[in-house]
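# Here you go, sequence then predicted model.
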Amino acid sequence: MNRITDATLIKYKFSNGMPMLPFYNFLIRSHLNPTESKSVDIIKRPCLKSLLTNVKMMKVKKADFVFFTSTLFNFKDEKGSFYNSLDGYYYDIYPNNSLIIENSDLFFEWRSTKKYKNISYINTYLEIISGLFSKIKKILFPCSNKDINEFYVKTGGIVSHHRLEIDDIRIKIYSSFIKKLLKKIGCKVVFVNCASYGGLPLIITKVANEMGLRTVELQHGALDGEHRAYIGEEYFVKNNDYQKCLPQEIWLFGDYWNQFVTWNVKKKTIGNPQINFKKKMVQQAAITHDFLVIGQPEYQQDILRFTEGLSREMPSKKILLRLHTRDDRQVYEKFVLKFSNIEISSSLTSLYDDIVRAEFIVGVCSTCLYEALIFNRTPIIIDCDNSRKRFNRKIGYWVSDASKINSKDLRNLNNMSCEEIWASNFEENVKRELDKYLH
């Protein structure tokens, strides 16, 4: 279980008065479930050349709507150009009123696109600068915040004492940067990716809230009752200091997902523009693979085990592996060398291009298994502890081992309407919310 039982954790604060728990909430809950396998860190040097080359992208423009997002949402379209699969559709509705602020990947690289006229990389630089300044200041002026010691002890050292001291300084510096940035942009609505997860996105949200701006988080993946970012105990949900750190609203793909957000925020059904846009591909794309296996770094062993069995049981079937951005690609590349009927999809290919090319979609509890429904694909659920905890039993074909698959029984066992999961009328829903802010 991902529950935090010590209600006193909310009283500990950084030097600027912000409670520590919201900042580390996701991290702490991640350590409370030792049964989940951990993803392997990918070793690669940061690309300093990319940082220097893209300094020119720090410029920002005035905008009514600003989207703090990630370059990892950028995928190639049919013409080979990158587009943002999460925020880009909102930008396309208001191209003259929107600004995309795009973070790099972990190695300071961006999937560059010319699709958006108003785009900036400034936030990555603000994160780096605030981090450097905080380390220097810690050396010159040792931290005197007594709450750090108590929070460190109370959380069992999940967050190192050194990191707590650095973050205590960094949060103050970064908050100042963000406040100046939002003032310069002059925005009215701030969209923050992963705003509920804690960390620096939470700082953006808190500063925007304090400035009287409307803050929104867009759903970007599947939600369930165990999702560490969206569950909160009653004593935290009702805490006013915690509430000020959260986005005012979460915009959901469909009514179905509403039940999994326990925070006291407004939940609005808007739809998933990407999946609605890609629906037409079902009639256009040819089936090239029998199975598409969806990677999830937390459940790597379950996925590798099932995929190996699938390959051995059905050697004539073609299997495509779709990796998560946090999956260790080297592990999978070594794995597929053992099998002639398995290949790895390009990370630059749109997920939906892969879905429509496969007859069956295999996974543990990924969003892709829900997305398969709208493309009339049958999801095959790897029946294991994690899928039983985190996926709807009414959906898909459940099987614990590939040897137990009965081809005659493979069919869509979905008992829920796609509209409940994936709401339609995306553009109309967005305009209803944002048209009032136009000049």
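Here it is on my side, so go on.

# pLDDT-wise, which helix or strand of this structure ranks last?
helix 281-284 (a mean of 62; mean pLDDT, DSSP states H and E).

# and residue 435, what pLDDT?
Looking at residue 435, its pLDDT reads 97.

# Repeat that for the one 4 residues further on.
Residue 439 is assigned 66 on the pLDDT scale.

# Then residue 1?
Residue 1 is given a pLDDT of 51.

# Can you list the helices and strands that the helix or strand harbouring residue 23 packs against?
Here residue 23 sits within helix 20-30, counting by DSSP states H and E. Packing partners of helix 20-30 (3 or more C-beta pairs under 8 Å, 6 or more residues apart in numbering; DSSP states H and E): helix 161-185, helix 199-210. Glycine gets a C-beta too; all of them are placed from N, C-alpha and C.

# JSON lines please, covering those and showing distance to residue 339, mean neighbour count and mean pLDDT.
Putting these into JSON lines (distance: least, C-beta to C-beta, whole Å; neighbours: other C-beta atoms under 10 Å; pLDDT from 0 to 100) gives the following:
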{"stretch": "helix 161-185", "distance to residue 339": "41", "mean neighbour count": "18", "mean pLDDT": "97"}
{"stretch": "helix 199-210", "distance to residue 339": "38", "mean neighbour count": "22", "mean pLDDT": "98"}
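
# Let me have those helices in TSV, extended by distance to residue 390.
Converted to TSV, these look like this (distance: least, C-beta to C-beta, whole Å):
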stretch	distance to residue 390
helix 161-185	29
helix 199-210	23
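
# Find the residue closest to residue 366 in space, skipping its chain neighbours.
Spatial nearest neighbour of residue 366, excluding adjacent residues (C-beta to C-beta, 6 or more residues apart in numbering): residue 294 at 4.5 Å.

# any idea how far residue 382 is from the one you found?
Per C-beta to C-beta, to the nearest Å, residue 294 is found 10 Å from residue 382.

# which residues do these two both contact?
303, 362-364 (C-beta atoms under 8 Å, 6 or more residues apart in numbering).

# Most neighbours of all those, which one?
Taking other C-beta atoms under 10 Å as the neighbour criterion, residue 362 ranks highest of those with 31 neighbours.

# quick one: strands adjacent to the helix or strand containing that one?
According to DSSP H and E, residue 362 maps onto strand 358-363. Looking at strand 358-363 with DSSP bridges, its partner strands are strand 289-294 (parallel), strand 378-382 (parallel).

# what sits up against that strand?
Strand 358-363 is touched from outside by 287-294, 296, 303, 306-307, 310, 320, 355, 368-369, 372, 377-382, 410, with contacts defined as C-beta under 8 Å, 6+ apart.

# Only the buried subset of the residues you listed, as a PyMOL command please.
Entered in PyMOL, the line below selects the buried ones among the contacts of strand 358-363, by 16 or more other C-beta atoms under 10 Å:
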select buried, resi 289+290+291+292+293+294+296+303+306+307+310+320+355+368+369+372+377+378+379+380+381+382
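
# What sits closest to residue 133 if chain neighbours are left out?
In this structure, residue 133 finds its nearest non-sequential neighbour in residue 173, 5.3 Å apart by C-beta to C-beta, 6+ apart.

# quick one: low-confidence ranges for the chain?
Within the chain, the ranges that satisfy pLDDT under 70 run 1, 33-44, 280-284, 411-416, 439.
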